[in-house]
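Enquirer: I would like to see how this sequence folds:
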Amino acid sequence: EKFNREIDETRGWITSKSDVLPEDLGRDLDTVRQYQRMQDGFETDLAVLQQKVRQMEAAAGTLSKLHPAKKWKVAAARGEVMDTWTKLQEKTQERKQRLRENFVLQEYLGDYNDAKLWMSSAKTEMTSPPLPTDVAGAEALLIRHKQ
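Expert: Below is the predicted model:
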């Protein structure tokens, strides 16, 4: 009975953690960084949950030895929890990798926008007539402007 409750509790924790992972990866560098910090916190929580999974595994081994007639039932319950746990770990690693890739993308887009702004201002400077440095130059520029 206690083992079944522990199995259900562990499975519930794993499932609830799996549901917490958002699909959004962020649309700017600050949001991606925020999601990466959240991911780090999530992985810390998983380390605690991993201890619970290990305890469940140990209990399953002990129960299988103490109750050989129920060995298949214990193994099935253990297998189900381990499958769920493995899927959560895979999902976590995939998300971590996608966040890394999105970080690189957002960093590139930020650099691209900075370069684009710089090129635009450089183009404006190149196509604008030079500003006069003396009174005669200013008067000549004013006459040219009036024409």
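
Enquirer: Measure how far the top helix by length along the chain is from the centre of its chain, please.
Expert: Secondary structure of the chain per DSSP state H: the longest helix is helix 71-127. Relative to the mean C-alpha coordinate of its chain, helix 71-127 is positioned 5 Å out (CA atoms, centre = their mean, to the nearest Å).

Enquirer: could you say what helices and strands that helix packs with?
Expert: If you count contacts as 3 or more CB pairs under 8 Å, 6 or more residues apart in numbering; DSSP states H and E, helix 71-127 packs onto helix 2-20, helix 29-66. Every C-beta, even on glycine, is put in place using the N, C-alpha and C of the backbone.

Enquirer: Tell me, how many residues neighbour Asn14?
Expert: If you look again at residue 14, you'll see it is Ile, not Asn. Here the neighbour count serves as a burial measure; for Ile14 (other CB atoms under 10 Å) it reads 23.

Enquirer: contacting residues for the spatially most central residue of the chain?
Expert: Here the mean C-alpha position of the chain is nearest to the C-alpha of Leu99 (CA atoms, centre = their mean), at a distance of 3.6 Å. For Leu99, the contacting residues are Leu25, Gly26, Val32, Tyr35, Gln36, Gln39, taking CB atoms under 8 Å, 6 or more residues apart in numbering as the criterion.

Enquirer: Columns distance to Lys71, pLDDT and neighbour count on top of these, output as TSV?
Expert: Putting the contacts of Leu99 into TSV (distance: CB to CB, whole Å; pLDDT from 0 to 100; neighbours: other CB atoms under 10 Å) gives the following:
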residue	distance to Lys71	pLDDT	neighbour count
Leu25	44	94	18
Gly26	47	94	18
Val32	48	96	21
Tyr35	43	95	20
Gln36	43	96	17
Gln39	38	95	18
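
Enquirer: Closest one of those residues to Thr10?
Expert: Distance to Thr10, by CB to CB, is smallest for Gln39 among the contacts of Leu99, at 22.1 Å.
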